[in-house]
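Undergrad: Predicted structure and sequence below. I'll ask about it afterward.
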Amino acid sequence: MWLFGFSTNNPGNLWIIGAVLLVILLTIILKKFAVYLEAQATKWSEREGDKQQRGTTKSACSLCCCPGVIRTYALEELRMATANFKIRIGVGATSFVYLAELGDGRFGAVKRVMEERGGSKKMFLDEVSVLLRISHPNLVGLLGFCLDKGEQLLLLEYIPNNSLFDKMHKYHGQLSGILTWSNRLNIALDIARALEYLHSQADPPIIHRDVKSSNILLVDNNHAKLADFGLCKLGYGTEHGSQTPTIVKANNGPQVHTRLSDTCGMDPRVPEEQ
């Protein structure tokens, strides 16, 4: 009898055949063990990720479960309020903003954070956490949020008169009005008050990091509110300032700035599209 080109009648060949079969068997076992280890590592990673996410969600939601603090919405509630996300009123680096009718005569703005545009759950929950900390007449307020069925939605105060960027540029092909020097001064003072609150009265201090005309929403020609806390971070005072390159994600791509590291004395902005 012949096997693998060797005669089984020769005792020496039987040892060779046995060794070959043993090597093949060990190779199969090792491959299966490697696949098993990889699967276990993936499951462990997923469990840790889920555990961390649940902890972060619980941390954010725990702030929202106190009566009178904030409301959590089901996805279907906000889908209905926006007529299935029909009227888009704004676009951000990682989100779209839609008009919502709340059913009690009020309107809201639903910010829909999109993971495919770079909006992670951590960023979303960080923004919720920051918005829950702040309350000021010159900051756009949080009315509620939704983290349901893979959607990440913020229900924000609706400011109907567009942004300072729209006011200074053509909006739907037409200039939306002219701001007098008095108007401009009042708007600048409102935003200065908002930043002063974030830097000096919030605990811990908050650095907005994205102050630009498209994030300044006009209540009217004399009053404004600062919006969009998607890039903000907690501040620790000017003593930590040092020359460091910082990458900031903007609508027109990542921008690299070599400047003082983010401090309350230097709240940076992201360059806007012209």
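TA: On my side now, so go ahead.
Undergrad: if I read this right, Y73 contacts L143, doesn't it?
TA: No: the criterion here is Cβ atoms under 8 Å, and Y73 misses it with L143 at 9.0 Å. Using the backbone N, CA and C atoms, a C-beta is placed for each residue, glycine as well.
Undergrad: Quick check: neighbours shared by the two?
TA: Counting by Cβ atoms under 8 Å, 6 or more residues apart in numbering, the contacts common to Y73 and L143 are L155.
Undergrad: quick one: low-confidence parts of the stretch 151-274 of the chain?
TA: 170-176, 235-274 (pLDDT under 70).
Undergrad: just the strands in it please.
TA: Along the stretch 151-274 of the chain, counting by DSSP state E, counting those that start in this stretch, strands occupy 151-157, 170-171, 174-175, 206-207, 216-220, 223-226, 233-234, 243-250, 253-260.
Undergrad: does the nearest residue to L154 once chain neighbours are set aside sit in a helix, a strand or a coil?
TA: What sits nearest to L154 in space, not counting adjacent residues and going by Cβ to Cβ, 6 or more residues apart in numbering, is K111, at 4.2 Å. Under DSSP: H, G, I helix; E, B strand; the rest coil, the three-state class of K111 is strand.
Undergrad: In this structure K111 contacts E151, no?
TA: No: counting by Cβ under 8 Å, K111 stays clear of E151, with 11.2 Å between them.
Undergrad: more crowded one of the two?
TA: Using other Cβ atoms under 10 Å, the more surrounded residue of K111 and E151 is K111, with 26 against 16.
Undergrad: where in the stretch 1-150 of the chain is pLDDT low?
TA: In the stretch 1-150 of the chain (pLDDT under 70), the answer is 1-14, 45-69.
Undergrad: 90 instead?
TA: 1-23, 32-72, 90-95, 103-105, 114-130, 132-133, 148-150 (pLDDT under 90).
Undergrad: Beta-bridge partners for the residue nearest to L154, please?
TA: V97, L154 (DSSP bridges).
Undergrad: which residues does it contact?
TA: K111 touches G90, G92, S95, F96, V97, L153, L154, L156, counting by Cβ under 8 Å, 6+ apart.
Undergrad: What of R133?
TA: R133 makes contacts with A202, D203, I206, as judged by Cβ under 8 Å, 6+ apart.
Undergrad: Would you write a PyMOL line that selects the buried entries of the residues you listed?
TA: A single PyMOL command selects the buried members of the contacts of R133 (16 or more other Cβ atoms under 10 Å):
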select buried, resi 202+206
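Undergrad: any idea which of the contacts of R133 is closest to S120?
TA: Of all the contacts of R133, the one sitting nearest S120 is I206; the distance, using Cβ to Cβ, is 19.4 Å.
Undergrad: Can you tell me the closest non-neighbouring residue to that closest one?
TA: L198 (4.4 Å).
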